[in-house]
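Chemist: structure, please.
(one chain, ligands or ions: 1)
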Amino acid sequence: MAERCICPAEVAPRELMRHFEAICAIPHGTGNEQTLGRHILALAEQNDLAAQQDAAGNILVRVPAAAGCEDAPPLLLQGHMDMVCVKEEDVALDMDREPVRLIREGNILRADRTSLGADNAVGLCHMMALMEPHDFPHPPLELLFTVEEESGLVGIQQFDFGCIQARRAINMDCGDPDVLVIGAAGGEKFRLSRCCTVVERSDPRLTVTIWGLLGGHAGLEAGKNRGSALELGGRLLDALCRLGDVRLSRLEMSGSRRNIPDNLCLSVLVPRTLQAKADDVVAELDQIFADELAQTDPGYQLEKSWDQGAQGAAAADTRALADLMLLILYDVQRRHAAHPAWIQAAALLSWADYREGLWEGEFSLRYNREEYHSAMIRRLEAICRLTDVTIHPANDATPPWPAAEDSPLRDLCAAVFRRLNGRDMVQEIENGSVEQSIMVREVPGMDCVGFAPKSRGAHTTAEHLYLDTMQPVWDYFRAVLRELCQKT
Ligand SMILES: [Zn+2]
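Modeler: Residues are numbered from 1 along each chain as shown. Okay, here's the model as predicted:
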C-alpha cells in the first residue's frame with residue numbers, strides 16, 4: 001500500500017528525515033533556490049551559527065567543533081540546493097510554486113509522477129542535522145550549500161574559496177552506501193553544424209523511426225553497450241547512400257540532449273528505382289540491430305513508412321553527413337588499466353537534427369586526464385574537417401576531479417567502512433560531473449571523497465530513495481566524523 005506521506009517519526013534516522021521532508025516541502029528547482037536558502041539561513045540563526053550568503057546565492061555555515069575536538073583540522077561538507085524538476089505530461093503540479101508530493105512504498109520513497117529531489121536533499125539533510133544540537137564528536141565544520149549545480153556547476157564556480165579553511169571535504173552528491181567516489185570526469189560540449197545544398201525533388205520518401213532504447217544519463221550509463229539511436233541512424237543512412245542517389249530529407253529526435261540518444265526519426269528521398277532495395281536494406285539492418293541490442297536494449301523498435309517527398313540535401317552533403325555519423329564517437333574511449341570499471345575518457349554525439357539545409361548536432365565528451373581530452377578533440381576536429389562540419393566553441397566546460405595519488409581522507413573512510421562492515425568499500429571514479437572538480441581546481445591540495453545513501457533515477461520522474469540506506473550511511477558518516485577528530 002502506498003502511503004501519501006512519510007511519517008518522520010517512523011523513518012529513521014529521524015534527525016535527518018525531518019530535514020529531508022522540510023526540503024521537499026519547499027519548491028527548489030534550479031534558479032528557484034531562494035526560499036530554501038532562507039530556510040537554511042534561519043536554521044543557522046536559530047542555532048547561533050555563523051552563516052554567509054554570496055551574491056550567487058551559495059551559503060556557507062560554520063559549525064564549531066564538538067567539545068574536545070577543537071584541535072582537529074576542519075572538514076568541509078558540501079551539497080547543492082537545486083533539483084531538476086521534471087514531471088509526467090499529465091501532471092498539473094506547478095513545480096516552481098508547489099512542493100512535490102511524496103509517496104512511500106515500503107522501503108522506497110518517491111514523488112507522485114515528478115522527480116523527487118533526493119538529488120541532493122540526501123546531502124543537505126546530513127548537513128542540516130549537523131547544524132542542530134547533537135551529541136557526537138566531529139571536527140570544526142564548514143557547510144557549503146551551493147546553487148545551480150544542475151545547470152552545469154554554475155553556483156560553485158562563483159563561490160570565493162578564499163574563506164575556506166578546510167583542506168578535506170566530503171560530498172554527498174555522488175557515490176553509494178558502499179561506494180566511495182574518489183574522482184570524477186571533466187566535461188565539455190560542442191555544437192556542430194553543417195549547411196547543405198537543398199535540392200527540390202519529388203521522390204518517394206522513406207521514414208525510419210527508432211525508439212524503445214534504454215538511453216539514460218550519458219555519463220553515468222556510459223560503457224554499458226547501450227544502443228545509441230544516432231549511431232544506428234548513421235549506419236542506416238550510410239547503407240542507403242551506398243544504394244545510389246539518396247538524399248537526407250529530415251532528422252529529428254525528442255527527449256533530453258544530455259542522455260544517450262534513445263530515439264530518432266530519419267527521412268530520406270529514394271529514387272523510385274531503388275525503393276525495393278531500400279526496403280531490403282532497412283529490413284536487414286533492423287534484424288542486425290535487434291540482434292546486437294537483444295541484451296542491452298530489449299525494447300528496441302524500428303518502423304518504416306513511405307510517402308511523397310519534396311526536397312532533400314544534395315547527394316554529396318548526404319554522403320558527408322552519413323560519414324560524420326559513422327565516424328564520430330559514441331561511447332567509452334579509455335578505461336583505467338588497473339581498474340577497468342573506471343572510465344577515463346568517453347564521448348558521444350548526444351543530439352542531432354536536420355531540416356531545410358541545416359544539420360546541427362551536439363557532441364559531449366568526458367575525461368579524467370588532459371591528454372585524453374586533447375586527443376578526443378583532435379579526433380573530433382579531424383572527423384569534422386573530413387566531412388566539412390563546423391565546430392562551435394564549447395560553452396560549459398568543467399575540469400576533472402582527478403583521483404589523488406595520496407589521499408588520507410580516502411584511506412580513513414575506507415578503514416572506517418572496513419571496521420564497521422567487515423568488507424571493503426568499492427572505490428570509484430565517476431563518469432559524471434561533480435562540484436568537487438571546481439573545488440580541487442580552486443583549492444589545490446583539497447582532499448575529497450564522496451558517498452551517499454542509495455537513490456536511483458536522478459533527473460527523471462522515476463527518481464527514488466532507498467529509505468533503509470539512510471541509517472547505515474548516517475552511522476558510517478558519524479563514525480568518519482569521530483575518526484576525523486584526531487589531531488593529525
Ligand atoms: Zn546532484
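Chemist: now do stretch 477-488, average pLDDT.
Modeler: The pLDDT scores in stretch 477-488 average 90.
Chemist: can I get it in CSV? Just the C-alpha atoms.
Modeler: Backbone C-alpha positions of stretch 477-488 (Å, rounded to 0.1, in the frame of the first residue of the first chain) are rendered in CSV as follows:
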residue,chain,number,x,y,z
PHE,A,477,29.2,9.2,8.4
ARG,A,478,29.3,9.8,12.1
ALA,A,479,32.0,7.2,12.6
VAL,A,480,34.0,9.0,9.9
LEU,A,481,33.5,12.3,11.8
ARG,A,482,34.6,10.8,15.0
GLU,A,483,37.8,9.5,13.3
LEU,A,484,38.4,12.9,11.8
CYS,A,485,38.7,14.4,15.4
GLN,A,486,42.2,13.0,15.6
LYS,A,487,44.6,16.0,15.6
THR,A,488,46.8,14.8,12.7
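Chemist: quick one: buried residues of it?
Modeler: Phe477, Arg478, Ala479, Val480, Leu481, Arg482, Glu483, Leu484, Cys485 (16 or more other CB atoms under 10 Å). For glycine as for every other residue, the C-beta is placed from the backbone atoms N, C-alpha and C.
Chemist: tell me which strands and helices the lengthiest helix in the chain is in contact with?
Modeler: Scanning the chain for the helix with the most residues, using DSSP state H, yields helix 275-293. Identification of packing neighbours for helix 275-293 by 3 or more CB pairs under 8 Å, 6 or more residues apart in numbering; DSSP states H and E yields strand 204-211, helix 229-241, strand 301-308.
Chemist: what does the stretch 1-150 of the chain put close to the ion?
Modeler: Within the stretch 1-150 of the chain, the positions adjacent to the ion are Asp119, Asn120 by CB under 5 Å from the ion.
Chemist: what ranges does the stretch 1-150 of the chain have for its strands?
Modeler: Here the stretch 1-150 of the chain has its strands, by DSSP state E, counting those that start in this stretch, at 50-53, 59-63, 75-80, 102-105, 108-111, 141-146.
Chemist: okay, the angle between the last one and strand 59-63?
Modeler: Pointing back at strand 141-146 there. Angle, strand 141-146 to strand 59-63, by axes from the mean of the first three to the mean of the last three CA atoms, to 10 degrees: 170 degrees.
Chemist: can you check what angle separates strand 141-146 from strand 75-80?
Modeler: Angle, strand 141-146 to strand 75-80, by the same axes, to 10 degrees: 20 degrees.
Chemist: what about the longest strand in the protein?
Modeler: Using DSSP state E to define each element, the chain has its longest strand at strand 343-355.
Chemist: and the protein, what are its domains?
Modeler: Listed domain ranges for the chain are 14-185+403-483, 190-392 (source: automatic domain parsing).
Chemist: the helices and strands packed on helix 275-293: which one's closest to the ion?
Modeler: helix 229-241 (26.2 Å; CB to the ion).
Chemist: list the buried residues for that closest one?
Modeler: 229-241.
Chemist: again with stretch 70-88
Modeler: Buried-residue list, stretch 70-88, by 16+ other CB under 10 Å: 72-87.
Chemist: my guess is Glu292 contacts Gly227, does it?
Modeler: Yes - between Glu292 and Gly227 there is a contact at 7.3 Å, judged by CB atoms under 8 Å.
Chemist: between the two, which has more neighbouring residues?
Modeler: Gly227 (23 against 14; other CB atoms under 10 Å).
Chemist: quick one: contacts for the more buried one?
Modeler: Counting by CB atoms under 8 Å, 6 or more residues apart in numbering, Gly227 makes contact with Leu213, Leu214, Phe289, Glu292, Leu293, Thr296, Asp297, Tyr300.
Chemist: mind checking which of these are buried?
Modeler: Applying 16+ other CB under 10 Å to the contacts of Gly227 flags Leu213, Leu214, Phe289, Leu293, Asp297, Tyr300 as buried.
Chemist: count the neighbours of Cys413 for me.
Modeler: Cys413 - counted by other CB under 10 Å - has 26 other residues nearby.
Chemist: double-check that it belongs to a helix.
Modeler: Yes - membership of Cys413 in a helix is supported by DSSP: H, G, I helix; E, B strand; the rest coil.
Chemist: any idea how far it is from the ion?
Modeler: 20 Å (CB to the ion, to the nearest Å).
Chemist: show me the shaky parts of the chain.
Modeler: Applying pLDDT under 70 to the chain flags the ranges 1-9, 487-488.
Chemist: quick one: list the elements packing against the longest strand of the chain.
Modeler: helix 229-241, strand 247-252, helix 315-327, strand 332-335, strand 358-367, helix 370-386.
Chemist: residue of the stretch 251-400 of the chain closest to the ion, please.
Modeler: For the stretch 251-400 of the chain, CB to the ion, closest residue to the ion: Arg258, 13.0 Å.
Chemist: OK, contacts around that residue?
Modeler: Shown in contact with Arg258 (CB under 8 Å, 6+ apart): His217, Ala218, Ser350, Ser364, His459.
Chemist: where does it fall, phi/psi-wise?
Modeler: Phi and psi for Arg258, reported as degrees, to the nearest 10, are phi -90, psi -10.
Chemist: residue contacts, the closest residue to Arg419 other than its chain neighbours?
Modeler: Using CB to CB, 6 or more residues apart in numbering and skipping residues adjacent in sequence, the residue nearest Arg419 is Ala479, 7.8 Å away. Applying CB under 8 Å, 6+ apart, we find Ala479 in contact with Val416, Arg419, Leu420.
Chemist: relative to Leu348, how far out is Asp388?
Modeler: 21 Å (CB to CB, to the nearest Å).
Chemist: of those two, which one has the most company?
Modeler: Leu348 (24 against 15).
Chemist: wait, doesn't the more buried one sit right on Arg366?
Modeler: No - with contacts counted by CB under 8 Å, Leu348 stays clear of Arg366, the gap being 9.1 Å.
Chemist: drop anything exposed from the contacts of Ala479.
Modeler: Val416.
Chemist: need the contacts of Ala479 in CSV (columns: secondary structure).
Modeler: Supplementary listing: the contacts of Ala479 in CSV, determined by three-state DSSP:
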residue, secondary structure
Val416, helix
Arg419, helix
Leu420, helix
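Chemist: and of the contacts of Ala479, the nearest to the ion?
Modeler: For those, the nearest to the ion is Val416 (23.9 Å; CB to the ion).
Chemist: for that closest one, give me its contacts.
Modeler: Contacts of Val416 by CB under 8 Å, 6+ apart are Tyr476, Ala479, Val480, Glu483.
Chemist: next up, the contacts around Leu16.
Modeler: Taking CB under 8 Å, 6+ apart as the test, what Leu16 contacts is Cys125, His126, Ala129, Met470, Trp474.
Chemist: how close does Ser407 get to Val480?
Modeler: With CB to CB as the criterion, Ser407 and Val480 are 14 Å apart.
Chemist: and if you look at Arg167?
Modeler: Distance from Arg167 to Val480, by CB to CB: 16 Å.
Chemist: what's the answer for Glu148, then?
Modeler: Going from Glu148 to Val480 by CB to CB gives 28 Å.
Chemist: SS state for the residue of the chain most remote from its centre?
Modeler: Most distant residue from the mean C-alpha position of the chain: Thr273, 46.5 Å away (CA atoms, centre = their mean). Taking three-state DSSP as the rule, one finds Thr273 in the helix state.
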